[in-house]
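Q: Requesting a structural model of the entry that follows:
(2 chains)
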Amino acid sequence: MATPWWRNRQAFPWLMQALVGLVVLLLIAFLVGNLVRNLTAAGLLLSWHWLGQPAGFDIGESVLPFGAELPYWRGLLAGLANTLRAVIFGLIGATVLGTLAGMASFSSNGLLRRLVRLYVEVVRNLPLLLQLFFWYFVVFLSLPNGTDALQLPGVVLAKSGLYLAGLQNGLQWGGPQLVNGVWQAPLRMSVEFAALLTGLVVFSGAYIAEVVRGGLASVPRGQWEAAASLGLGWLASLRHVVIPQALRVIVPGLNSEYISLAKNSSLAVAVGYADLYSVAETTLNQTGRAVEVVILLLSAYLVLDLLISAAMKGINQLVQIRER
Amino acid sequence: MPSFRTLLKGLSALKGLSATALLVVPLGACAPDGGTGVQSQKLAAISSRGKLICGVEGTLPGFSYVEPDGSYSGLDVDVCKAVSAAVLGDSSKVEYRNLNSSERFAALASGEVDLLSRNTTNTLSRDAAGGNGLSFAPTTFYDGQGVMVPMASGITTLKDLAGKPICVESGTTTELNLADRMREQTIPYMPLKFQTSDQTYAAYLGGRCVAVTSDRSQLAGKRTSFPNPDQHTLLPVVLSKEPLSPATVNADPVWADAVRWTLHALMQAEEWGLTKATIDARLAEARADSNLADLRRFLGIEGDFGKQLGLPADFTVRAIRAVGNYGEIFDRNVGPGSKLKLERGLNRQWQDGGLIYAPPFR
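A: As a prediction, the model looks like this:
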């Protein structure tokens, strides 16, 4: 007796898979078709030629040189470079701060432990946007200006930015100087960048501290005791015994904190730092190309986050236990 | 997640497009065309919704500002009220949306707001179908870009700003004019851009910038809300022409005409001396005297101007009753009767040497 087709163990699952696949494809086709149809009706069909036209706006602070006569794509690239600058320094700063704070939660000093707890709880429970406003409008914009600026040998902290001594044109050592009421120095960082970086480092640092604390807590107490019985000190136990085991727990957690930091950097626009989002917003306004600009923005942040994920996956493999 | 939210704001243009496309199909089919073949999806949508959604700045004294009691006031707000009175017969049936300069065009294009009355400069690329695709109504305020500095700074010309930070709102014509003027005179400068006018002026007042640039009317308006308004001064230089005009979308010419002629009516009313106080007396007079043909047509007693526009016959009367004529709106919000105390200047009627000129109602 032949089995009916719906009881056929080979054919039926395939049929169901094909059916679900077809429904998904139809849904995608409908959405894309709807988008194209409505964009055409509104005269907004995707076009990219505007990328090559002169931008007509300036960017205040830029790693890559940029001027109003350069095309839009150069502006977006300059914005991306500014974003990368904030993300890279942010990752380094947040990792250092978070690791120190996470380790300090195991300190034998009760005051230090409580201070770390306070830091983590306060920072984690306030919105990042508010924290950025606080750092920019309350802290950095309260700094004195011009000749009243805070001055140390080779370092000046003013309302306009942080100025450091360094090598300039040729190999001359130069310090910050006040020229015509404006500070000049070989190395400078605007207060907008400083506020963004401080905000990101402090915010992500609190989350990373918790990840590090969780990682260290996951190592059984016996490991500490075993290390101590071998004659290792606190730092040596931490370095050779505890951290290698804790890293397996810490690294996957770090991955998502790093990704969050990269995405959060787009809040730079709130404190006047010309990051990718800020430049894209100006571009969107001047060209009216909302859909194209948003597609570029989404792709840029997606690629950035995927790269961070890939790098963290590599690091994760390095810290796994290797069976011998 | 904040970064996600900011992205969503940009995407609202996309989302709205499909939403309006779905909504307007059934509405368009039953649009009240009054027998003249006048059809507008926007007018039909506003009538069935029972209120006008108007995009305004919201933080700019004299133009659009939220009063302590939560109501809106200003020249831009009165434009919304006049249009609402003309279309719906009630100037209070307006829902205001505060939009920053970066959001405004997406909000209009997506149909989130019906009318943009938000000190927006009329320019080629904003008007053109290949650009922002807006349709501009008559200019309600002829302005120019200015620069404000603290009096103590001693700055008097653009050259004095060389190498110094200047605060500017991003997504504005101001930003582009500043770049052009500085490039012409090869003055190096540092633009500091902020998303909203509140952030821009907070950074200026915080001393981060030595100057802030915007339309002269906006600078004068914002200055009234400073802690020490008399310690700030406008440089004599005018960087650009800024004809500030309300706008609608290109896609609905009937709706654009309705807004355009409601504004013309306010300007015509000033030319003929019709005011909020006298409109009812003049209406009675025109009803009684059939020789006042111009006035009778204008007030909708004769002819079918309202119908041709897809509006009620007495739309001019309703608008004037609600907010008064153009001159009254100007005086009340930005003129001598207000805190801003701006001169009429270019915004006088054409007979007085200004640029306010309504085409004939015929």
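Q: Ramachandran angles for residue A:180?
A: In terms of degrees, to the nearest 10, the main-chain angles of residue A:180 are phi 60, psi 40.
Q: number of nearby residues for the nearest residue to it once chain neighbours are set aside?
A: The shortest distance from residue A:180 to any non-neighbouring residue, by Cβ to Cβ, 6 or more residues apart in numbering or on different chains, is to residue B:163 (7.0 Å). For glycine as for every other residue, the C-beta is placed from the backbone atoms N, C-alpha and C. Neighbour count for residue B:163, taken as other Cβ atoms under 10 Å in any protein chain shown: 14.
Q: Could you pull out the helices in chain B for me?
A: B:2-29, B:41-49, B:75-88, B:104-109, B:124-127, B:173-184, B:197-205, B:216-223, B:253-271, B:279-288, B:293-298, B:305-309, B:315-323, B:326-333 (DSSP state H).
Q: could I get the ones you listed as JSON lines with distance to residue A:168, mean pLDDT and mean neighbour count?
A: Listed next are those as JSON lines, based on distance: least, Cβ to Cβ, whole Å; pLDDT from 0 to 100; neighbours: other Cβ atoms under 10 Å in any protein chain shown:
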{"stretch": "helix B:2-29", "distance to residue A:168": "37", "mean pLDDT": "43", "mean neighbour count": "16"}
{"stretch": "helix B:41-49", "distance to residue A:168": "60", "mean pLDDT": "94", "mean neighbour count": "19"}
{"stretch": "helix B:75-88", "distance to residue A:168": "50", "mean pLDDT": "96", "mean neighbour count": "27"}
{"stretch": "helix B:104-109", "distance to residue A:168": "44", "mean pLDDT": "90", "mean neighbour count": "24"}
{"stretch": "helix B:124-127", "distance to residue A:168": "41", "mean pLDDT": "90", "mean neighbour count": "15"}
{"stretch": "helix B:173-184", "distance to residue A:168": "25", "mean pLDDT": "90", "mean neighbour count": "19"}
{"stretch": "helix B:197-205", "distance to residue A:168": "29", "mean pLDDT": "92", "mean neighbour count": "22"}
{"stretch": "helix B:216-223", "distance to residue A:168": "38", "mean pLDDT": "91", "mean neighbour count": "24"}
{"stretch": "helix B:253-271", "distance to residue A:168": "57", "mean pLDDT": "96", "mean neighbour count": "22"}
{"stretch": "helix B:279-288", "distance to residue A:168": "71", "mean pLDDT": "95", "mean neighbour count": "15"}
{"stretch": "helix B:293-298", "distance to residue A:168": "72", "mean pLDDT": "94", "mean neighbour count": "18"}
{"stretch": "helix B:305-309", "distance to residue A:168": "67", "mean pLDDT": "94", "mean neighbour count": "19"}
{"stretch": "helix B:315-323", "distance to residue A:168": "61", "mean pLDDT": "96", "mean neighbour count": "25"}
{"stretch": "helix B:326-333", "distance to residue A:168": "53", "mean pLDDT": "96", "mean neighbour count": "22"}
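Q: now the residue nearest to residue A:180: how far from residue B:190?
A: 7 Å (Cβ to Cβ, to the nearest Å).
Q: Near chain A, which residues of the stretch 251-362 of chain B are found?
A: Counting by Cβ under 8 Å from any Cβ of the partner chain, the residues of the stretch 251-362 of chain B close to chain A are residue B:251.
Q: Most proximal residue of the stretch 251-362 of chain B with respect to chain A?
A: residue B:251 (6.7 Å; Cβ to the nearest Cβ).
Q: Look at that residue and report its pLDDT.
A: Residue B:251 carries a pLDDT value of 89.
Q: Tell me, how many residues neighbour it?
A: 19.
Q: cool, residue B:151 as well?
A: 11.
Q: got a list of what it touches?
A: Counting by Cβ atoms under 8 Å, 6 or more residues apart in numbering or on different chains, residue B:151 touches B:230, B:231, B:232, B:233.
Q: Tell me how far the nearest residue to the last one once chain neighbours are set aside lies from residue B:213.
A: So the one you mean is residue B:233. Leaving aside its sequence neighbours, residue B:233 sits nearest to residue B:151 (Cβ to Cβ, 6+ apart; 5.0 Å). From residue B:151 over to residue B:213 the distance is 17 Å, taken as Cβ to Cβ.
Q: so does stretch A:282-292 get close to chain B?
A: Yes - using Cβ under 8 Å from any Cβ, stretch A:282-292 reaches chain B at A:282, A:284, A:285, A:286, A:287, A:288, A:290, A:291.
Q: The first one belongs to a helix, doesn't it?
A: Yes - counting by DSSP: H, G, I helix; E, B strand; the rest coil, residue A:282 is found in a helix.
Q: Would you agree it is in contact with residue B:191?
A: No - between residue A:282 and residue B:191 there is no contact under Cβ atoms under 8 Å: 10.2 Å.
Q: residues contacting residue B:202?
A: So residue B:202 contacts residue A:137 (Cβ under 8 Å, 6+ apart).
Q: Per-residue pLDDT of the residue nearest to residue B:233, please?
A: pLDDT, read off for residue B:151, is 92.
Q: If you rank the contacts of residue B:151 by neighbours, which is first?
A: Ranking these using other Cβ under 10 Å puts residue B:232 first, with 19 neighbours.
Q: Against residue A:202, how distant is that residue?
A: Taken as Cβ to Cβ, the span from residue B:232 to residue A:202 is 34 Å.
Q: Spell out which parts of the stretch 1-150 of chain A neighbour chain B.
A: Counting by Cβ under 8 Å from any Cβ, the residues of the stretch 1-150 of chain A near chain B are A:34-35, A:37-39, A:41-44, A:56-61, A:67-69, A:127-129, A:137, A:141-142, A:145.
Q: In PyMOL, how would I select just the buried ones from those residues?
A: Only the buried entries of those go into this PyMOL selection, using 16 or more other Cβ atoms under 10 Å in any protein chain shown:
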select buried, chain A and resi 35+38+39+42+44+56+57+58+59+60+61+67+68+128+129+137+141+145
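Q: In helices, which of the residues of the stretch 1-150 of chain A next to chain B appear?
A: Per DSSP H, the residues of the stretch 1-150 of chain A next to chain B map to helices at A:34, A:35, A:37, A:38, A:39, A:41, A:128, A:129.
Q: Out of those, which is nearest to chain B?
A: Among those, and counting by Cβ to the nearest Cβ, the member closest to chain B is residue A:38, at 4.5 Å.
Q: which residues sit in contact with residue 95?
A: Going with chain A. With Cβ under 8 Å, 6+ apart, residue A:95 has these contacts: A:208, A:254.
Q: was after chain B, sorry
A: With Cβ under 8 Å, 6+ apart, residue B:95 has these contacts: B:51, B:52, B:53, B:54.
Q: what's the burial count for the third one?
A: Looking back up the chat, that one is residue B:53. Based on other Cβ under 10 Å, the number of other residues close to residue B:53 is 19.
Q: Kindly provide the distance from it to residue B:85.
A: 15 Å.
Q: same question, the first one
A: Distance from residue B:51 to residue B:85, counting by Cβ to Cβ: 12 Å.
Q: Next: the second one.
A: Noted for residue B:52: a distance of 10 Å to residue B:85, by Cβ to Cβ.
Q: Now that residue B:217 has come up, it's in contact with residue B:61, right?
A: No - with contact defined as Cβ under 8 Å, residue B:217 and residue B:61 do not form a contacting pair (10.2 Å).
Q: where exactly do the helices run in the stretch 151-300 of chain A?
A: A:191-217, A:221-229, A:234-237, A:243-264, A:276-287, A:290-319 (DSSP state H, counting those that start in this stretch).
Q: Find the nearest non-adjacent residue to residue B:200, please.
A: Closest to residue B:200 by Cβ to Cβ, 6+ apart is residue B:194, at 4.3 Å.
Q: now whatever residue of the stretch 201-350 of chain B ends up closest to chain A, nearest residue through space, not along the chain?
A: Distances between the stretch 201-350 of chain B and chain A by Cβ to the nearest Cβ are smallest at residue B:206, namely 3.7 Å. Nearest-residue entry for residue B:206: residue A:141, 3.7 Å, with adjacent residues in sequence omitted and distances by Cβ to Cβ, 6+ apart.
Q: show me the contacts for the one you found.
A: Contacts of residue A:141 (Cβ under 8 Å, 6+ apart): A:159, A:191, B:203, B:206, B:207, B:208.
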